[in-house]
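Undergrad: Predicted structure and sequence below. I'll ask about it afterward.
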Amino acid sequence: MKNTLLYFLSLIFLASCGQNETKETETSNSEYSITKIDSFEVNNLTRVFIWDYSAELDRYLGYAMVEDDLLEISGEGEIIKRTHKKGEGPGLYGNWNPIGISFGPEQERIVELPFQILSYDSTYSVIHSQRIQSPLPIRTFGPMGRTEYFQNPDSTFYLVGPSNYLSSHYLIQNEEGRDTLKNFYKIHIQSGDMKSIIPYRESSPYRQTQDIYQELMTKSFLVDHEKQELLILHALSKEIEVYNLPDLDFSRSIPITHSEFVEYSPVPLGTMGNDDRIKPLRFMAGRNQSLIKVDSDTYLIKYFTGVSEAEYQTRIANDATYIPSSDPEEQAILVIKNGEQVSQELSGIAGSILFGLGDGKFLVQEPENQEVEEEKTRFSIYQIKSS
């Protein structure tokens, strides 16, 4: 196993699928529309990432790249609080960057490191600190997602581990590793007890082959605190898996259909990362990219449709920096309403869809200007409405 994995945030949303192009077409009644309703800028010398929002505090929780500062940001983009916790010494968490951050229960501030999880109060004094027994070190420039939690009834559990943010194929070294792979590590924040949970279902596309979908074993997931459910969407799945909390029993699946989903064949277990067969999986294959909740009964799925090898070669010949999975022209958005997918599919949105804000609203991080170095990071709020 590699001692250290340097994983750039710009590649988080890359993943992959297989070879024969599949198209599933549905009729559209243009029932839904998505509109940008607000925007703000966070002025900072380096790139800022936002991964959670507290409606009670009306502020975002973010992170400043390079400075390695935890940020609390107002709804208008003003940095309200800047806290530096990286480094050696009393009150510092060491030299690893966080891989996840979030607001926890009672508005605790949560920082997930590759080998440790900490909860802080509003003054950033430590409430809990527990060791994570991670099988894979991750070095990154900043948090790659939101650290989810659930409770039962006096205990708090967090879903942690590298496969929350990276393709799970990095954890598979042999057949036994594939057979025993589970979705998460669950850690009890009060005691530090930790265990792996939720095996891959027999219907999973990852269990339908003896080969492996390198770079495509990613997932998007969220805890619905209102309904006490955990929802999981794997990159190649045609369904959302729903589990009851706190027992983590499988409840049901929500089928989804893509209008277009280009697939490429998996590769044999043990294939090296520089093998040419990995390129279609890494860059060209269709995949589900994000699952968010925008109100009490509505979820959105952003997915990358995938491109053919000919399309990919043509585009990178014109622009060597082109990344198909970040192209909104090759993305689409599915709407899940009252537990079912609606027939309409919406066009993609430029930037990274981060999380829902309620009332049909969600936050998007705008694309970075590749030509001019800016001392600000732009965010927009979109809203989905039905006509």
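TA: Done, it's in.

Undergrad: In the stretch 251-387 of the chain, what residue spans correspond to strands?
TA: 260-261, 287-295, 298-304, 331-337, 340-347, 352-358, 361-365, 376-386 (DSSP state E, counting those that start in this stretch).

Undergrad: most tightly surrounded among those?
TA: strand 298-304 (a mean of 24; mean count of other C-beta atoms under 10 Å). Backbone N, C-alpha and C define where each C-beta goes, glycine included.

Undergrad: For Arg277, which non-adjacent residue is closest in space?
TA: Closest residue in space to Arg277, ignoring its immediate chain neighbours: Val267 at 4.9 Å, by C-beta to C-beta, 6 or more residues apart in numbering.

Undergrad: re earlier: using JSON lines, please lay out the strands of the stretch 251-387 of the chain together with mean pLDDT and distance to Ser119.
TA: Formatted as JSON lines, these follow (pLDDT from 0 to 100; distance: least, C-beta to C-beta, whole Å):
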{"stretch": "strand 260-261", "mean pLDDT": "98", "distance to Ser119": "39"}
{"stretch": "strand 287-295", "mean pLDDT": "98", "distance to Ser119": "23"}
{"stretch": "strand 298-304", "mean pLDDT": "98", "distance to Ser119": "27"}
{"stretch": "strand 331-337", "mean pLDDT": "98", "distance to Ser119": "31"}
{"stretch": "strand 340-347", "mean pLDDT": "96", "distance to Ser119": "36"}
{"stretch": "strand 352-358", "mean pLDDT": "97", "distance to Ser119": "20"}
{"stretch": "strand 361-365", "mean pLDDT": "98", "distance to Ser119": "23"}
{"stretch": "strand 376-386", "mean pLDDT": "96", "distance to Ser119": "26"}
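
Undergrad: Quick one: closest of those strands to Gly87.
TA: Gly87 lies closest to strand 376-386 among those, at 23.6 Å (C-beta to C-beta).

Undergrad: Check the offset of that closest one from the chain's centre.
TA: Taking C-alpha atoms, centre = their mean, to the nearest Å, the mean C-alpha location of strand 376-386 is offset from the chain mean by 18 Å.

Undergrad: mind listing what it pairs with, with the direction of each?
TA: strand 32-43 (antiparallel), strand 361-365 (antiparallel) (DSSP bridges).

Undergrad: quick one, longest helix in the protein?
TA: Looking across the chain with DSSP state H, the single longest helix is helix 309-318.

Undergrad: what comes up buried for it?
TA: Tyr312, Arg315 (16 or more other C-beta atoms under 10 Å).

Undergrad: CA atoms only for it, dumped as CSV, please.
TA: Extracted C-alpha coordinates of helix 309-318, given in CSV (Å, rounded to 0.1, in the frame of the first residue of the first chain):
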residue,chain,number,x,y,z
GLU,A,309,-12.8,8.5,-26.7
ALA,A,310,-13.0,10.4,-30.0
GLU,A,311,-14.8,13.3,-28.3
TYR,A,312,-12.2,13.4,-25.6
GLN,A,313,-9.2,13.3,-28.0
THR,A,314,-10.7,16.1,-30.1
ARG,A,315,-11.3,18.4,-27.1
ILE,A,316,-7.9,17.9,-25.4
ALA,A,317,-6.3,18.6,-28.8
ASN,A,318,-7.9,22.0,-28.6
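
Undergrad: ok, back up a step: can you redo the strands paired with strand 376-386 as a markdown table with distance to Asn152?
TA: As requested, these are exported to a markdown table (distance: least, C-beta to C-beta, whole Å):
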| stretch | distance to Asn152 |
| --- | --- |
| strand 32-43 | 36 |
| strand 361-365 | 28 |
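
Undergrad: Pull up the gap between the residue lying closest to Leu354 once chain neighbours are set aside and Thr305, please.
TA: Nearest residue to Leu354, sequence neighbours excluded (C-beta to C-beta, 6+ apart): Leu363, at 4.5 Å. Distance, Leu363 to Thr305, by C-beta to C-beta, to the nearest Å: 23 Å.

Undergrad: now do Arg47
TA: In terms of C-beta to C-beta, Arg47 sits 27 Å off from Thr305.

Undergrad: Tell me which of these two has more neighbours.
TA: More crowded of Arg47 and Thr305, by other C-beta atoms under 10 Å: Thr305, with 22 against 19.

Undergrad: Got phi/psi on that one?
TA: phi -70, psi -30 (degrees, to the nearest 10).

Undergrad: Report the contact partners of the closest residue to Asn288 other than its chain neighbours.
TA: Closest residue to Asn288 apart from its sequence neighbours, by C-beta to C-beta, 6+ apart: Tyr303 at 4.7 Å. Each residue near Tyr303 by C-beta atoms under 8 Å, 6 or more residues apart in numbering is listed here: His258, Phe261, Gly286, Arg287, Asn288, Gln289, Gln331, Ala332, Ile333, Leu334.

Undergrad: Make sure Phe362 is actually in contact with Asp295.
TA: No - at 9.9 Å, Phe362 does not count as touching Asp295 under the criterion of C-beta atoms under 8 Å.
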